[in-house]
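can you look at this prediction? I've put the sequence above it.
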Amino acid sequence: MKFRRKTFVKLLIVLVLLGTAFGSYQWYRWHQISKAEAEGKEHPEQSKVPDRIFTLKRGDLVLGTLQSGSVNAQKKHKLSLQASFNTKLAWVIPENTQVKKGDILARFETEDLIDRIDDLKLQVENYEKELSVALEEEKITVSTNRASIKEAHDRVVDSESNLRKYRRLERSKERDRLELAVDTYHVALNEAENDLREQKTDLTSSSGTQEEQEKKLQEQAKLQSNIDTQKNNLSNAERDLTLFKRYTNPSKITSLENSLAQALLNNERIKIQANSSLINKRRHISNIRRNLRNARTRLERHQSYLDMMHLEAPVDGVVIYGDPDARWGNVEIKLGMDVSKNRILMTIPDMKNLVVDFDLPEQLRSKVNEGDPAIITPDALVTLKVPGRVSQIDTLPVNQSYWDRNSPKIYKSVVRLTQQHPQLVSGMSVQVHIITKTLRNTLYVPVEAVFEDKDRFIVYKRTFGSPQETVVKIGESNDSFVQILDGLKEGDEVYLYRPFQKKGQENS
């Protein structure tokens, strides 16, 4: 028994010494690692498991979001046929060809265009001939109208002259002639009656022979016949004078006035007809001139299309077929295809001024603002970091899938690069790390170190003994780190995994 007791004591002393030595070693190891971290160095033992233990220290915590985007040229030279003439593609340069400014990129068929130009030349020539004939017809019309107007005016002048002549001369002359005839027949009748009376007196008072008496009777009969003739003449003269005053004179004046009025109306009609015919002729000439002008304009325009039947590179760059900004509508570029005006055939992006397009989710709109800095990392060049700033966020959101109204809302956004990089090209997929806020001189741990337990957050702090479960108060976070507001202090070490599990926490 005494031997066994001594052996047990010795064994216990050995175990105590070994435990003390192991504890001293662990303390020394922990002290060396802490010292290396304080000096900003990495201890050899720490490098073995750098992602399993994290030592808290104060620093700047950068908050932000990571979004996918694509490099885009801010300015793209989109090339299309500028002629308003449908044609076909005769030749095109291969896609992705490096070109210089002024290089020919495509040629279009010109046969139909040349035929159209020839037709327009013939049309212009015909209009020119028609215009020449119309101008000669206009001269003839003017001359004919002038003669017709002069003739109608002469008729008016003649009618006015005839009326004036009749009123001033012929009417009074005719009236005087008729009145003179009446007076003359009155005198002749008086003389014949006197002669008859004298003859009767002489016959009564004379006593000649019978032969003489018969002769005087015959003379008396002649005198009586002369009286009857003069009476008849006087009656006719008086009747003619009455007819002249009542009928002939008014009728003549009316006839002359009607002739004057007819001449005036005819004069106006001739003027209107002349003006109308001249207006119609000049309108016809105007139509011909307009048609000629339009034909010449079409001819000049189609002749100018000849210089547009090919595409030239406006700048140095790489040729891309179609329109990279079009969501749909791009067709295969091939020889013989139909080509119309403003149909984008190819694009040359300006690689000297690139931007990054990305879709900002609606839930992050309040966190990201224009002017926020960003770091661009190409998917194909993960070591390349290009700085930039958010330069544009659309005012209104749109559906992520434009055909699905139930898809998430996004804001179309743009990052302008603060410096261009030759390895960036248009169309490259990139990751956009947007820095929204920087927390200065704060404590933070990796997100892997924080675990949620019901309504609290815990970490597992490293101690000399077993890991210690510690309740912490967290603040803001990013995709990698979480701000610690309370529960830990600078220099504390936390596990980046659960060092042990409680019952019921296996699936936490």
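Structure's in. What do you need?

what's the domain layout of this protein?
Using automatic domain parsing, the domain parsing of the chain gives 1-46, 51-75+350-495, 83-109+309-344, 113-306.

by contact count, what packs against the single longest helix found in the chain?
In the chain, ranked by residue count with DSSP state H as the criterion, the top helix is helix 249-305. When contacts are defined as 3 or more C-beta pairs under 8 Å, 6 or more residues apart in numbering; DSSP states H and E, helix 249-305 packs onto helix 111-165, helix 171-205. The way it works is simple: take the backbone N, C-alpha and C, and place the C-beta from them, glycine included.

low-confidence stretches in the stretch 101-250 of the chain?
The model of the stretch 101-250 of the chain has pLDDT under 70 over residues 203-208.

hang on, I meant the chain
Filtered on pLDDT under 70, the chain yields the residue ranges 1-12, 14-51, 203-208, 329, 500-508.

residue nearest the centroid of it?
Against the mean C-alpha coordinate of the chain, by C-alpha atoms, centre = their mean, the closest residue is residue 342 at 13.5 Å.

let's verify that residue: helix, strand, or coil?
Classification of residue 342 by DSSP: H, G, I helix; E, B strand; the rest coil places it in coil.

look up how far residue 314 lies from it.
When distance is defined by C-beta to C-beta, to the nearest Å, residue 342 is 16 Å away from residue 314.

excluding residues flanking it in the chain, which one is nearest residue 336?
Spatial nearest neighbour of residue 336, excluding adjacent residues (C-beta to C-beta, 6 or more residues apart in numbering): residue 88 at 5.6 Å.

check which residues of the helix or strand hosting that neighbour are buried.
Secondary structure from DSSP states H and E places residue 88 in strand 87-92. Buried residues in strand 87-92, defined by neighbour count with 16 or more other C-beta atoms under 10 Å: 87, 89-90, 92.

from residue 259, how far out is residue 466?
From residue 466 across to residue 259, the span is 143 Å (C-beta to C-beta).

of those two, which one has the most company?
residue 259 (17 against 10; other C-beta atoms under 10 Å).

could I get the phi/psi values of the residue nearest to the centre of the chain?
Note on residue 342: its backbone torsions stand at phi 60, psi 20 [degrees, to the nearest 10].

right, and it touches residue 81 too?
Yes: with contact defined as C-beta atoms under 8 Å, residue 342 reaches residue 81; the gap is 7.4 Å.

what is the longest strand along the chain packed up against?
Identified as the longest strand of the chain according to DSSP state E is strand 429-446. Secondary structure elements in contact with strand 429-446, counted by 3+ C-beta pairs under 8 Å, 6+ apart, are strand 58-73, strand 354-361, strand 373-378, strand 468-477, strand 481-486.

can I get these in JSON lines with distance to residue 173 and mean neighbour count?
Shown next, in JSON lines, are the helices and strands packed on strand 429-446 (distance: least, C-beta to C-beta, whole Å; neighbours: other C-beta atoms under 10 Å):
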{"stretch": "strand 58-73", "distance to residue 173": "109", "mean neighbour count": "17"}
{"stretch": "strand 354-361", "distance to residue 173": "111", "mean neighbour count": "20"}
{"stretch": "strand 373-378", "distance to residue 173": "120", "mean neighbour count": "20"}
{"stretch": "strand 468-477", "distance to residue 173": "131", "mean neighbour count": "15"}
{"stretch": "strand 481-486", "distance to residue 173": "136", "mean neighbour count": "18"}
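
can you redo those strands as a markdown table with distance to residue 495?
Output for these, formatted as a markdown table (distance: least, C-beta to C-beta, whole Å):
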| stretch | distance to residue 495 |
| --- | --- |
| strand 58-73 | 20 |
| strand 354-361 | 33 |
| strand 373-378 | 30 |
| strand 468-477 | 10 |
| strand 481-486 | 14 |
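
what's the neighbour count on residue 127?
By other C-beta under 10 Å, neighbour count at residue 127 equals 19.

does it touch residue 298 like I think?
No: in this structure, residue 127 is not within contact of residue 298 by C-beta under 8 Å, at 11.5 Å.

shared neighbours of the two, which are they?
Common neighbours of residue 127 and residue 298 are not found (criterion: C-beta atoms under 8 Å, 6 or more residues apart in numbering).

who are the contact partners of residue 347?
Counted by C-beta under 8 Å, 6+ apart, residue 347 has contacts 76-79, 319-324.

just the buried ones from those residues?
For the contacts of residue 347, a burial check counting by 16+ other C-beta under 10 Å picks out 76, 78-79, 319-324.

next, the buried residues of stretch 154-161.
Neighbour counts over stretch 154-161 (16+ other C-beta under 10 Å) mark 155-156, 159 as buried.

need the contact partners of it.
The contact list for stretch 154-161, computed with C-beta under 8 Å, 6+ apart, reads 256, 259-260, 262-264, 266-267.

now stretch 472-488
Defining contact as C-beta under 8 Å, 6+ apart, one finds that stretch 472-488 is touched by 56, 61-66, 437, 439, 442-447, 449-450, 457-459, 461, 470-471, 494.

at 7 Å instead, please
Contact with stretch 472-488 is made by 56, 61-64, 66, 439, 442-447, 450, 457-459, 470-471, as judged by C-beta atoms under 7 Å, 6 or more residues apart in numbering.

who are the packing partners of the host helix or strand of residue 459?
Assigned by DSSP H and E, residue 459 belongs to strand 456-461. Contacts defined by 3 or more C-beta pairs under 7 Å, 6 or more residues apart in numbering; DSSP states H and E place strand 456-461 against strand 468-477, strand 493-495.

for residue 121, which of these is the nearest?
In terms of C-beta to C-beta, the element of those nearest to residue 121 is strand 468-477, at 77.4 Å.

report the distance from the closest one to the chain centre.
61 Å (C-alpha atoms, centre = their mean, to the nearest Å).

try stretch 294-309
Here the centre of stretch 294-309 is set off from its chain's centre by 22 Å, with C-alpha atoms, centre = their mean.

for that stretch, buried residues please.
In terms of neighbour count (16+ other C-beta under 10 Å), stretch 294-309 has its buried residues at 295-296, 298-299, 302, 305, 308-309.

go through these and name the one nearest residue 350.
Of all the buried residues of stretch 294-309, residue 350 sits closest to residue 308, with 22.7 Å by C-beta to C-beta.

reformat the helices and strands packed on helix 249-305 as JSON lines; add distance to residue 499.
Below are the helices and strands packed on helix 249-305 laid out as JSON lines (distance: least, C-beta to C-beta, whole Å):
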{"stretch": "helix 111-165", "distance to residue 499": "82"}
{"stretch": "helix 171-205", "distance to residue 499": "149"}
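
closest to residue 277 out of these?
Closest approach to residue 277 among these (C-beta to C-beta): helix 111-165, 5.7 Å.

now do that closest one against helix 171-205, angle only.
With axes from the mean of the first three to the mean of the last three C-alpha atoms, to 10 degrees applied, the angle from helix 111-165 to helix 171-205 works out at 30 degrees.

report the angle between the axes of helix 111-165 and strand 87-92?
Going by the same axes, to 10 degrees, helix 111-165 makes 140 degrees with strand 87-92.
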